[in-house]
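# sequence and predicted structure are below.
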Amino acid sequence: MTSLIPPGLLLLLGALVVPLLGRVGRQLVALVLPLVALAIVLLAPEGEALRSHFLDFTIVWLNVDLLGRLFAIAFCITAFAGALFAAGRVNRVEMAAALLLAGGAIGAVLAGDLIAFLIFWEMMAVGSTVLVWCGSTPAALRAGQRYAIVHVAGGAVLMIGVVGHVALSGSAAFATLTLESWPQWLILAGVLVNAAAFPLAAWLPDAYPEASPSGMVFLSAFTTKTAVFALLRLFPGTELLIPVGFVMVLYGLVYALRENDVRRMLAYSIVTQVGFMIVGVGIGTAMALNGAAAHAFAHVIYKGLLVMAAGAVMTMTGRRNATDLGGLWRSMPVTMVCCMIGMLSIMAFPLTSGFVTKSMIAQAAVDDGQMLNWLLLTAASVGTLVYLSVPWFLFFQHDSGLRPPEAPATMRAAMILLAALCLGIGLFPGPLYALLPFGVEYVPYTADHVFAQLQMLGGCTLVFFLAQRYLRRRTVPLLDTDWLYRQAGPRLVRGAMRLIVAAASRAQAVAGSAIASLIATLARHYGPAGRFGRTVPVSQAAIWVVVLLLAFLVAEFA
Amino acid sequence: MIGQLPALQVVVPLLAAPLCVVLRNGTLAWLLAVATSWAALAMAVVLTGQVLAGGPIAYAMGGWLPPWGIEYTIDSFNVLILLIISGSAAAILPFARHSVADEIAPEQHARFYSAFLLIMTGLLGMAATGDVFNLFVFIEISSIATYAAIALGRDRRALTAAFNYLVLGTVGATFYLIGVGLLYAVTGTLNTADLASRIAPLLESRTVIVGFAFISVGLMLKVALFPLHQWLPNAYTYAPSVITTFLAATATKVALYSLLRVAFAVFGAGYVLERLPTEAILLAIAGTAIVVASTTAIFQKDLKRLLAWSSLAQVATIVLGVGIGNAQGLAGALLHMFSHALTKGALFMAAAVFALRLGGTSLERLQGAGRRMPWTSAALVLAGLSLVGVPLTASFVSKWTIVLAALERGWWPVAGFILVTSLLTLAYVVRVVEALYFRPSAADAPAREAPLSMLWPLWLMVAGTFYFGLNSSIPMRLATQAAALLLGVAP
């Protein structure tokens, strides 16, 4: 079918057109294009659909397969919901950047070979950087610069890897790699940068919360999940990914506990959830891969929902710190309900999307006999109780006295849409399972699954509220203190944390001053007055001519 | 008429140049120059079609047959150069009017356009001729006109810059002439093809080797290859913006073309690449040049100067492609000439617009201009992306070809070097972007977008960098053919 427009390209065209349109026009384009893209994704037959010739290569721009289609569907839905959420509140640049990011992501997951994937990948980097900048605060500008550096470097590593891989193997096929040559390791490294794998995770909580409320919706949906997709496609069953994923889970949880800024808390939770998916990729059985893919699908939706809720609160109150908020359920009931549904999903409460997807990964570990991994996964799931705090801080806890009006209709519509999807997938997981790439026979609603999960969540909730009361009496600012560690007893953990943080900031300071002095030295030599940059007298320049002539003669007669 | 195109290509601008002075009126001279440049472009396009369809064209000037008369040979190599020169001129001259009106005294306008056309004549002649002495004549025509044009810059430092270039340029041209003299002494001929056949048995002679060294060094000075680059930063910084744009897009590349033509067509690929340590010399020089020039560019405080240093690094990248020494490296180098001409032309055009609207091009003056002059700034950013070699831009295609050539020879470090030094390029592009978009404007900063007559050529160039990034088949075909031609293998 040659007349097929690649859906990614469609959104990219939209990104080009949007800045030229008026206010209404660009809203319409941003809303309609994801739907058109979704229709194309759903209707397109499987297989390669668009090739072009570039240099000596044939680039396959579009290759619809089950895995790519699953991700593309999730991305189209989120792009639509995000545009709905953003309607009327973003300028033309931000809208274009959001479409560029969404188009890059959709293009990347439907890419037919590594080169097309790389090109779309770089577009995502550009779009997401601009989105961070569109936060339009001085902090956003600086965060965007750091974000750009990380992603340009990551993109360069990926690019060297792809170039090397194509040169060595002669194939740009977008298929499983074996990690037997160094370019493939570089590809893995480049992808892991975008997946926010520890220790390269800091860019994510650093940059995302600085974007505008609607900007963060787009940011949190695409970049990391495209990386998960790439891992699923390129490195399924790579055991190295299991520890990488676990470290991400723990890292995200620990830092989320320490965080006061609700949006930053959500950013850390992205790292955690992506960690679960990467563990699934690492386990590598069909069930685990399906679980990772399904969890990515569910995650895009419920995380979008949670970010929207936090964004709606921030839009209505102008505040983002947990300590400044609370008691908003009185005046923002719809947002509260949607946020609760998102929270239940992220905690994998039965009847929500998280339950039917996340448990697949744990089940895969059991099926494969990896009991240690199963234990770790379950233990880490306990940690997700931290997400209780998101709706708790926003809508309940103490009454902050704020009575903002309910979020505007478009925002509410977007949140309701995603909340409905969370519940829909949780209640009727059949259609989602049917979309999964490896064929699945998994029944989430067995008695033991449900009871085990309910028990765990019940325990978690109990602990959470007990800890809450403990906290209240102490009237310590929430989450600024390490209450979980105190509750658990060992002050040791806190001390260790402090040491690590101190060592890290020390190392950063040392590295920072080393870089600063390097730059100063370079500037001295290369600046306009430096040895290389200054204007040289003509006589001196003429001497160089002679020197070079002599060098030539010596080289040629030697 | 069509048969005379190789001569007309050079003669038309040569005749138009004095006509500009005779007209005296700046506007009329401008119109004449624009018409001439478009005619030259049309001729170059027709010639390209002929070469692509029917192979090289030989033209005997005045009916005197070679080796006695002067011969012009048009093949896929110099037709690419003719396209670069005439295409740049055809885009820059319509763009020039406002910038020239601002930077140059009205009574000098006619002479300015005359100088511009003479530079163009010289460059076109250098590209078209098949005679080594005739090449020297055209080098001098373009050089002398360039000295005069640089000296017209409104900053008084333009005078010293022009003087320095005059001294060094003369040294370079003289070296070239000494080399040609040595070759003439042993062969008795000046025609390229004739020279090649007569020099073959003499290649081990000391005279020929010394001649080759003189020619190489002389032309390398014109290429502004490190460490013979010292004339260039000042010349580009203080010359009138239009002249800088034209020179940056064309001059160093035409000089490099001449060097390659003489080296490969006269001495032969086998001699240059295998007998002599050319690869090692070029890689060492180009590698150093890329690092030093890019790093220096990062620390510049003036946009034109920054771009001048960037040009040095980019020319060195082209030389690096040549130094890789296989057909693909050479093709990549030729392609990079083409893409860099587009890219750097667009960047210097943007600089010219800023010079016009903001009264200067220091990065300090550019602060916050992203909001006040959105179209110019956006064009600068897009062209900057092409400079870095972001995929979908013309520079990506050419750099990629060079990288692949290095990989083909198994030279991983060279391929890695090109990719890593792209980060240096990114660093100085980011500095400009930072000034444009992330710094507040001064309170009294002038705020007007460029006139339309400047914007459309600028955006045409930018569109060109992206068009040829997506569809590079024509320049690619020319470059591949030319590389095969130079290396003496069948394409």
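Happy to help now that I have it. These numbers were taken from a predicted model, which means no experiment stands behind them. Numbers count the residues shown, from 1 in each chain, chains lettered A, B, ... in the order given.
# identify the residues contacting whichever residue of the stretch 351-491 of chain B sits closest to chain A.
Closest to chain A within the stretch 351-491 of chain B is B:L407: 4.4 Å, counting by Cβ to the nearest Cβ. To be clear about C-beta, it is placed using only N, CA and C from the backbone, and glycine gets the same treatment. Counting by Cβ atoms under 8 Å, 6 or more residues apart in numbering or on different chains, B:L407 touches A:V163, A:G164, A:A167, B:A415.
# and the least confident of these?
Lowest-confidence member of these: A:A167, scoring 80 (pLDDT).
# give me the neighbour count for it.
Burial measure for A:A167: 17 neighbouring residues, criterion other Cβ atoms under 10 Å in any protein chain shown.
# what helix or strand does it sit in?
According to DSSP states H and E, A:A167 maps onto helix A:138-169.
# number of nearby residues for the closest residue to A:Q540 other than its chain neighbours?
The shortest distance from A:Q540 to any non-neighbouring residue, by Cβ to Cβ, 6 or more residues apart in numbering or on different chains, is to B:Q230 (7.6 Å). By other Cβ under 10 Å, the residues close to B:Q230 number 24.
# just checking, B:Q230 touches A:W544?
Yes. Using Cβ atoms under 8 Å, B:Q230 is in contact with A:W544, at 7.3 Å.
# does stretch B:337-354 reach chain A?
No. Stretch B:337-354 lies apart from chain A when judged by Cβ under 8 Å from any Cβ of the partner chain; the minimum separation is 12.8 Å.
# could I get the contacting residues of the residue most central in space within chain A?
Note on chain A: the residue nearest the mean C-alpha position is A:T224, at 3.1 Å, using Cα atoms, centre = their mean. A:T224 sits next to A:N194, A:A195, A:A196, A:L204, A:I270, A:V274 when contact means Cβ under 8 Å, 6+ apart.
# repeat the analysis, applying 10 Å as the threshold.
Listed by Cβ atoms under 10 Å, 6 or more residues apart in numbering or on different chains, the contact set of A:T224 reads A:194-197, A:201, A:204, A:208, A:270-271, A:273-274, A:277-278, A:296, A:299-300, A:303.
# which of the residues you listed fall in strands?
Within the contacts of A:T224, no residue falls in strands by DSSP state E.
# intersect those with the contacts of chain B.
With Cβ under 10 Å from any Cβ of the partner chain as the criterion, those include none near chain B.
# in the stretch 51-200 of chain A, mark out all the strands, start to finish.
Secondary structure of the stretch 51-200 of chain A (DSSP state E, counting those that start in this stretch): strands located at A:57-64.
# now stretch A:443-450: average pLDDT?
78.
# contact partners of that stretch?
A:348, A:350-351, A:355-360, A:362-363, A:426-427, A:429, A:433, A:442, A:452-453.
# one more pass at 6 Å, please.
Stretch A:443-450 is contacted from outside by A:P350, A:V356, A:S359, using Cβ atoms under 6 Å, 6 or more residues apart in numbering or on different chains.
# who wins for neighbours among the residues you listed?
The most crowded member of those, judged by other Cβ under 10 Å, is A:V356 (29 neighbours).
# SS state for that residue?
Here A:V356 is helix, with the state taken from DSSP: H, G, I helix; E, B strand; the rest coil.
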